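# Provide a 3D model corresponding to the input given below.
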Amino acid sequence: MPDVTENLRGKVALFPNDPGVYLMKDKEGRIIYVGKANNLRVRVRQYFSGHDSRAHVIFLMKHVRAVDYLQTHTESEALLL
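Prediction:
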């Protein structure tokens, strides 16, 4: 069985370098986290780097099974979403 984290890293590598909102989902497809980014690929990739030792990030990453995004024209537009 392929490693979920590796599959997600591959998907995130294809995210645009544009602003937007990212949606992290659990195994049932429920949204468990929403974030905004000026650069979607760079921001979401940070979650999978393993360098963030904050308890809530570690907990979140144990449950993430999918990541989607909504691309926007500006970071301000992402914030409104």
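# Checking M24 next. Helix, strand or coil?
Put simply, M24 is strand when judged by DSSP: H, G, I helix; E, B strand; the rest coil.
# my guess is it contacts R30, does it?
No - in this structure M24 lies outside contact range of R30 using CB atoms under 8 Å: 9.9 Å. Any C-beta I mention is one placed from the backbone N, CA and C, and that applies to glycine too.
# Which of those two has more residues huddled nearby?
M24 (21 against 11; other CB atoms under 10 Å).
# in this protein, which spans are helices?
4-12, 40-47, 55-63, 75-80 (DSSP state H).
# burial of the closest residue in space to F48 that isn't next to it in sequence, as a residue count?
In space, F48 comes closest to R9 once its chain neighbours are excluded; the distance is 5.1 Å by CB to CB, 6 or more residues apart in numbering. When neighbours are defined as other CB under 10 Å, R9 has 16 of them.
# Would you mind measuring from R9 to I32?
Separation of R9 from I32 (CB to CB, to the nearest Å) stands at 18 Å.
# Contact partners for the spatially most central residue of the chain?
The C-alpha lying nearest the average C-alpha coordinate of the chain belongs to V44 (CA atoms, centre = their mean; 4.1 Å). Going by CB atoms under 8 Å, 6 or more residues apart in numbering, V44 touches 12, 15, 22, 35, 37, 67, 69.
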